[in-house]
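Asks: Return atomic coordinates for the entry below.
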Amino acid sequence: MRLNTQEFRAVFDSIASIGALPNGGCERLSMSDEDMQARAALTALLEEEGFSVWQEPTGSIWARLEGEDPSLPAVLTGSHIDTVRNAGLYDGLLGVMTSYWAMRQIRREGISHRRSIELVVFPTEESARFNYPTIGSKLIAGKVSPDVLKSCLDADGLSLYDALRQRGFDPENTEPGYRRLTSADCFIELHIEQGPLLESRKTPIGIVEAIAAPTRLRVGITGEYAHSGACPMHLRRDALAASAELILAVEKIGQLEAVNHSVAAVTCCDLVKESMNVVPGQVMMSIDIRGTDIDSIDRCTAGVRRSLKRICETRGVKGEISLISRDEPVHMAPSMMHAIRKSCERCRLPYHIMPSGAGHDAMNTAPLIDTGMIFIPCHGGISHNPNESIEWADVEAGYNVLSELLLNRANRR
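Replies: Residues are numbered from 1 along each chain as shown. All right, here's what the predicted structure looks like:
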C-alpha cells in the first residue's frame, strides 16, 4: 500500500489546523474547546468513511473496520490528538491519521483481512494541563483508579475528573474500555521520534525496543522574604538561589546516569509572590527524570533528595519534595519487534532498533497485549515546539511499514 501524500496532507491539515497558533504551531490541551473540536472533526471523518465508531465512556475514541472473522481478536492501532502548550503539528496526530488512512485505504481497495482492525484515540496523553502523563490510556488499562484523576488539577484548580464529567464522560466507568483493550490481539503505534537519532543516522524507521519511564517530582523551597537592598548578604535565606543550586545538581545527576540512558531536568521553576525589590522567599519546582533502567531512575531520585537536603542545610532554607508520578520502564513485545522488522524488510526500508526517551500510550498497553512502536524521524529531534517538522518521504516510509504490518497481523492465523 502506498500513501497518496497530497490527499493525505489535506485531510491531516484539516485536523492539525484546529487550535492553530500564529507561530505555525497549535494548542489542543486535554478536554479544552480545541480538543473537543478536533475530536468531533475526527469522529465525523471516521463515521463518513463507514467505520463503526464508539465513544468509550472515559473518553477514548474507537473506530472499527470489520474483518472476515469478527470473532477473532482485533488489531489495534492509534495514538493521541491532544497537545502540549505551544505545540508542533505531528506529535500524536500523525500516528492517529496514518492509522485512519491505512484503514480507509484497506476498506476502499477491498483488501481482505481476517481480523478486524480498530483505531483507538486515547485522551489526555499529554500532561500539559493536568500534570499527569498518558492518563487516558492508564485509566482503561487499569493502571490508575478514577480517584487519582480528582487530584490532577489544572492551573484553575479544575480536576481532570471534573473536566471529563463536564464534557459528558464518566471516569468511573472503565470496565468497557478495559474489556475491549484486553480482548485485542495487539496494539501498534506510529509516532515521530521526538529525538535526533534517526535523522543523524539517516534512517527512516525506528523500531522501539523499550519506553523510558518518567518519574515526576514536585519540590518546594522556602526561605525568607527580605528587602533586597536592606538585608545583608550573609543574613539572606534566598529560596531562588537555593533553587538555582538544585537545578545544577539535577543536571549533574542526569549527566552521571547518562551512561545508563537516564536523563534528569528541572522543567518548571515558579517564584511565589516575586517582586523586584524582594529577596525570593518561596520557589516551587518540577523535576522530570526518565530512563529505561529502574535502578538508574531510583539513583537519580535518591540523588535529588540528597542534594536538596544538603542545599537546605547549607543555606538555612526548608525543602519539601513530593512524588507526582512514577512509571515503570516498559519493553515492547519481541514478537511485535520481529513483525515490524519483517515489514521493514518487505518494504525494503532500513531501520534502527532503539529505546524511546519519551513516554507514550503504548507503555500502558504493553503489559496487557502485544505492543509495538514505529518511529519516523523529526528534524533536529525537535518536538513539543512549533518548529517540530518532518520529511514527507519519511511519513511515506512509516505509512508503508504501518499498513503492511496491520495487514500482516490482521491476516495472522
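
Asks: Hmm, Arg9 is touching Trp392, no?
Replies: Yes. Under the criterion of CB atoms under 8 Å, Arg9 makes contact with Trp392 at 7.4 Å. (Each C-beta comes from the backbone N, C-alpha and C, glycine too.)

Asks: Enumerate the positions of the longest helix seen in the chain that are buried.
Replies: Selection of the longest helix in the chain by residue count, based on DSSP state H, yields helix 294-315. Buried residues in helix 294-315, defined by neighbour count with 16 or more other CB atoms under 10 Å: Ser296, Ile297, Arg299, Cys300, Thr301, Gly303, Val304, Ser307, Leu308, Ile311, Cys312, Arg315.

Asks: For the helix or strand just after it, which strands pair with it and how are they oriented?
Replies: In the C-terminal direction, the helix or strand that comes right after helix 294-315 (DSSP states H and E) is strand 318-326. Strand 318-326 pairs in its sheet with strand 213-222 (antiparallel), by DSSP bridges.

Asks: wait, what's in contact with Gln282?
Replies: Gly220, Ile221, Thr222, Gly223, Tyr225, Ala239, Leu271, Val272, Lys273 (CB atoms under 8 Å, 6 or more residues apart in numbering).

Asks: That one and Met276, how far apart?
Replies: In this structure, Gln282 lies at 16 Å from Met276, with CB to CB, to the nearest Å as the measure.

Asks: before we move on, what about Asp293?
Replies: When Asp293 is compared with Met276 (using CB to CB), they lie 45 Å apart.

Asks: Give me the more crowded residue out of these two.
Replies: A side-by-side neighbour count of Asp293 and Met276, using other CB atoms under 10 Å, places Asp293 first with 17 against 5.

Asks: excluding its backbone neighbours, what's nearest the more buried one?
Replies: The shortest distance from Asp293 to any non-neighbouring residue, by CB to CB, 6 or more residues apart in numbering, is to Asn260 (4.8 Å).

Asks: Check Ala410 too.
Replies: Skipping the residues right next to it in sequence, Ala410 comes nearest to His113 by CB to CB, 6+ apart, at 3.8 Å.

Asks: Can you report how many residues lie near the one you found?
Replies: When neighbours are defined as other CB under 10 Å, His113 has 22 of them.

Asks: Between strand 213-222 and the longest helix of the chain, find me the angle.
Replies: In terms of direction (axes from the mean of the first three to the mean of the last three CA atoms, to 10 degrees), helix 294-315 departs from strand 213-222 by 10 degrees.

Asks: From the contact counts, what lies against helix 294-315?
Replies: Where contact means 3 or more CB pairs under 8 Å, 6 or more residues apart in numbering; DSSP states H and E, helix 294-315 is packed against strand 213-222, helix 239-257, strand 282-291, strand 318-326.

Asks: Recalculate using a threshold of 10 Å.
Replies: Applying 3 or more CB pairs under 10 Å, 6 or more residues apart in numbering; DSSP states H and E, one finds that helix 294-315 makes contact with strand 213-222, helix 239-257, strand 263-271, strand 282-291, strand 318-326.

Asks: Pull up the pairing partners for the third one, direction included.
Replies: When sheet partners are counted by DSSP bridges, strand 263-271 sits next to strand 282-291 (antiparallel).

Asks: quick one, domains of the chain?
Replies: Using automatic domain parsing, the domains assigned to the chain come out as 5-212+329-410, 213-326.

Asks: and the end-to-end length of the longest one?
Replies: Pointing back at domain 5-212+329-410 there. Using CA to CA, to the nearest Å, one end of domain 5-212+329-410 lies 24 Å from the other.

Asks: what do you get for the last one?
Replies: One end of domain 213-326 to the other measures 7 Å (CA to CA).

Asks: contacting residues for Val279?
Replies: Residues near Val279 by CB atoms under 10 Å, 6 or more residues apart in numbering: 223-231, 233, 235-241.

Asks: Filter the residues you listed down to the buried ones.
Replies: Buried positions within those, assessed by neighbour count (16+ other CB under 10 Å), are Gly223, Glu224, Tyr225, Ala226, Cys231, Arg236, Arg237, Asp238, Ala239, Leu240, Ala241.

Asks: Closest one of those residues to Gly206?
Replies: Among the buried ones among the contacts of Val279, Leu240 lies closest to Gly206 (CB to CB), at 40.1 Å.

Asks: The residue nearest to Ala410 against Asp185, yeah?
Replies: No. With contact defined as CB atoms under 10 Å, His113 does not count as touching Asp185 (11.8 Å).

Asks: Which residues are in contact with each of those two?
Replies: Residues touching both His113 and Asp185 (CB under 10 Å, 6+ apart): Val75, Arg409, Ala410, Arg412.

Asks: gap between Tyr90 and Ser71?
Replies: Taken as CB to CB, the spacing of Tyr90 relative to Ser71 amounts to 36 Å.

Asks: same check, this time on Gly95
Replies: In this structure, Gly95 lies at 28 Å from Ser71, with CB to CB as the measure.

Asks: more neighbours, the two?
Replies: Applying other CB under 10 Å to Gly95 and Ser71 shows that Gly95 carries more neighbours, namely 30 against 7.

Asks: Just the CA atoms of the longest helix of the chain, as PDB, please.
Replies: Coordinates of the C-alpha atoms in helix 294-315 are reproduced here as PDB (Å, rounded to 0.1, in the frame of the first residue of the first chain):
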ATOM      1  CA  ILE A 294      14.700   1.300  37.000                       C
ATOM      2  CA  ASP A 295      17.800   1.200  39.200                       C
ATOM      3  CA  SER A 296      19.200   4.200  37.400                       C
ATOM      4  CA  ILE A 297      16.000   6.100  37.800                       C
ATOM      5  CA  ASP A 298      15.900   5.300  41.500                       C
ATOM      6  CA  ARG A 299      19.500   6.500  41.900                       C
ATOM      7  CA  CYS A 300      18.500   9.800  40.200                       C
ATOM      8  CA  THR A 301      15.600  10.200  42.600                       C
ATOM      9  CA  ALA A 302      17.700   9.500  45.600                       C
ATOM     10  CA  GLY A 303      20.400  11.900  44.300                       C
ATOM     11  CA  VAL A 304      17.800  14.700  44.100                       C
ATOM     12  CA  ARG A 305      16.700  14.100  47.700                       C
ATOM     13  CA  ARG A 306      20.300  14.100  49.000                       C
ATOM     14  CA  SER A 307      21.100  17.300  47.100                       C
ATOM     15  CA  LEU A 308      18.000  19.100  48.400                       C
ATOM     16  CA  LYS A 309      18.900  18.100  51.900                       C
ATOM     17  CA  ARG A 310      22.500  19.300  51.600                       C
ATOM     18  CA  ILE A 311      21.400  22.600  50.000                       C
ATOM     19  CA  CYS A 312      18.800  23.300  52.600                       C
ATOM     20  CA  GLU A 313      21.300  22.600  55.400                       C
ATOM     21  CA  THR A 314      24.000  24.800  53.800                       C
ATOM     22  CA  ARG A 315      21.700  27.700  53.000                       C
END
